[in-house]
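Asks: Need coordinates for the below:
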Amino acid sequence: MSALEITKENFEVEVLKSDKPVLLDFWSERCAPCRMVSPLVEELAGEVTEAKMGKINVDEQPELAREFKIMSIPTLTVVKDGKVVKVSVGARPKADIKALLDEFIG
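Replies: From the prediction side, this is the model:
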């Protein structure tokens, strides 16, 4: 499974009403560190079944970026039960990204 493209149209269903924790990757094509993190999020989407992985392009979804108060990218945010429970700013190795989720999945 690959990471979901999250838009303002599917945000409520895929994130707020999700029965699993959701890792959101706020990114942009113009951001070099984002291009390093993006493939790692995609890999985790195929490996972690207890959570969803979503990608939000801040250039295409400025409303969502504002709602989450994104000031720097990449920003990784974990949402569980409709609430932000963890935020990490900056590029991280795959193990660190998975560790963001570990406390929220079985």
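Asks: C-alpha only now, for contacts and for neighbours.
Replies: Fine.
Asks: Just give the closest residue to residue 83, not the sequence neighbours.
Replies: residue 16 (7.6 Å; Cα to Cα, 6 or more residues apart in numbering).
Asks: what pLDDT does that neighbour get?
Replies: At residue 16, the pLDDT value in this model is 97.
Asks: same question, residue 11
Replies: Reported pLDDT for residue 11: 98.
Asks: so what's it up against?
Replies: Residue 11 makes contact with no residue under the criterion Cα atoms under 8 Å, 6 or more residues apart in numbering.
Asks: next one: residue 3
Replies: By Cα under 8 Å, 6+ apart, the residues touching residue 3 are 41, 42, 45, 52, 53, 54, 55.
Asks: Tell me which other helices or strands the longest helix along the chain touches.
Replies: Longest helix of the chain, by residue count under DSSP state H: helix 32-47. For helix 32-47, the contact count by 3 or more Cα pairs under 8 Å, 6 or more residues apart in numbering; DSSP states H and E identifies strand 22-27, strand 52-57, helix 94-102 as packing neighbours.
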